[in-house]
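In: sequence and computational prediction follow.
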Amino acid sequence: MTISKPVWGLLALITFVAVVHLLAPILMPFLLAAVLAYMGDPLADRLEARGMARTMAVVTVFVVLSLFATLLVLVTVPLLIEQVQLLIERIYDGLEWVQQTGLPALRQYLDLPEQKKPMEAARDALSEHWESAGGVLFYLWGKVSGSSMALLTWVANVTLVPVVTFYLLRDWDVLMAAIRNLLPRSIEVRTVTIAQQCDEILGAFARGQLLVMLALAVIYTVGLWIVGLELALVLGLLAGLASIVPYLGVIIGISAAGLAAFFQFDGLLPLLGVAAVFGVGQVLESTVLTPMLVGEKIGLHPVVVIFAILAGGQLFGFVGILLALPVAAVIKVMINHVHDYYKDSELYQSNADAIEQDVAE
């Protein structure tokens, strides 16, 4: 019995999906390392083109990026810790305002009877059910103490990422050549063409979108600092990172920053300043940053980006979120080729001839 090529392709796809599903718990460091190696490969290629050996070029790129990441962590982490502590204080102040001012005003406006304050009610309920609450605490402590193996696994994965990244980056061109050599000769040219188009889209999107996110984080942080917001750094970074999803960064940023400004300042002027910061950031993103850093050749509609991220998270969790946009870009390229194939097929041409005959008649 002879198995046709489409059946072989379907079997290979099913096998690949099954293997990925079974190995999902250990794939994260390798996927992250592959992404880092993919993004660092153009830099290594440029150094190699200038006469530097591949290993030395990879070491140079690796050391420079590692030093940059270390410097960034050393500078931002202490500030972030301070900002997070301040954020916790502001959240506590906000809860106090809700309890002392907001709820009494709302109760008086709605003409509701006086009730025990929520904090006092919670304290009384806890004292009445201390025994059961203690059981819950012991249960949570057991879960936390039993997760030491998960913590060790996480530390091992973090340590594994730079090692795998180095070796993948060093042998990236060799791996790509080996994969190309394994392709059937009948589809090698078309497959390489599709892969090059996917690489162009993925490279432009990954590097460009990362630069856009960093630029927006700087713009939001500096702008909120000029306004005088105490949580400028943490809110600016949060809005910048969330901008990977269209309009999500500005929505989260303006909501959180507006709430923080409401509790920190008196009057509407700081709130207008916060709105102006995110308005300027949105204008710069749409008119300067995205056209200059990402370009128009990506072609991923904002609705497609949102759907891809949500679908990836629903199907494969965090790994799906990480791979959502690359997979969406690859699917877009494949759909374009299927569309071209259909336009050149006999099915489409026969329909076109029939329509022309009907029009002629």
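Out: Thanks, I have the structure now.

In: which parts of this protein are strands?
Out: For the chain, applying DSSP state E gives no strands.

In: got the domain ranges for it?
Out: 22-112+153-182, 208-295 (automatic domain parsing).

In: average pLDDT for the shortest one, rounded please.
Out: If you average the pLDDT over domain 208-295, you get 84.

In: related to what we said a few turns ago, switch the domains of the chain over to CSV; also include mean neighbour count.
Out: In short, each C-beta sits where N, CA and C put it, glycine included. Shown next, in CSV, are these (neighbours: other CB atoms under 10 Å):
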stretch, mean neighbour count
domain 22-112+153-182, 14
domain 208-295, 18
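
In: would you turn those into CSV with distance to K332?
Out: Shown next, in CSV, are these (distance: least, CB to CB, whole Å):
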stretch, distance to K332
domain 22-112+153-182, 18
domain 208-295, 15
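
In: of all those domains, which one is nearest G317?
Out: Smallest distance to G317 across those (CB to CB): 8.0 Å, for domain 22-112+153-182.

In: show me the shaky parts of this structure.
Out: 1-6, 9, 111-151, 154, 246, 294-302, 318-319, 322, 350-361 (pLDDT under 70).

In: contact partners for L293?
Out: The contact partners of L293, by CB atoms under 8 Å, 6 or more residues apart in numbering, come to G208, Q209, L211, V212, A215.

In: what is the nearest of the residues you listed to V77?
Out: A215 (21.0 Å).

In: surely M28 meets V158?
Out: No: at 10.0 Å, M28 does not count as touching V158 under the criterion of CB atoms under 8 Å.

In: all the helices of the stretch 101-250 of the chain, residue numbers only.
Out: Under the criterion DSSP state H, counting those that start in this stretch, the stretch 101-250 of the chain contains helices at 103-109, 118-128, 130-145, 148-170, 172-182, 188-227, 232-242, 248-264.

In: quick one: which of those is nearest L32?
Out: For L32, the closest of the helices of the stretch 101-250 of the chain is helix 148-170, at 5.4 Å, according to CB to CB.

In: any idea of the angle that closest one forms with helix 172-182?
Out: 80 degrees (axes from the mean of the first three to the mean of the last three CA atoms, to 10 degrees).

In: could you dump the contacts of L293 to JSON lines with distance to V77?
Out: Formatted as JSON lines, the contacts of L293 follow (distance: CB to CB, whole Å):
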{"residue": "G208", "distance to V77": "27"}
{"residue": "Q209", "distance to V77": "24"}
{"residue": "L211", "distance to V77": "22"}
{"residue": "V212", "distance to V77": "23"}
{"residue": "A215", "distance to V77": "21"}
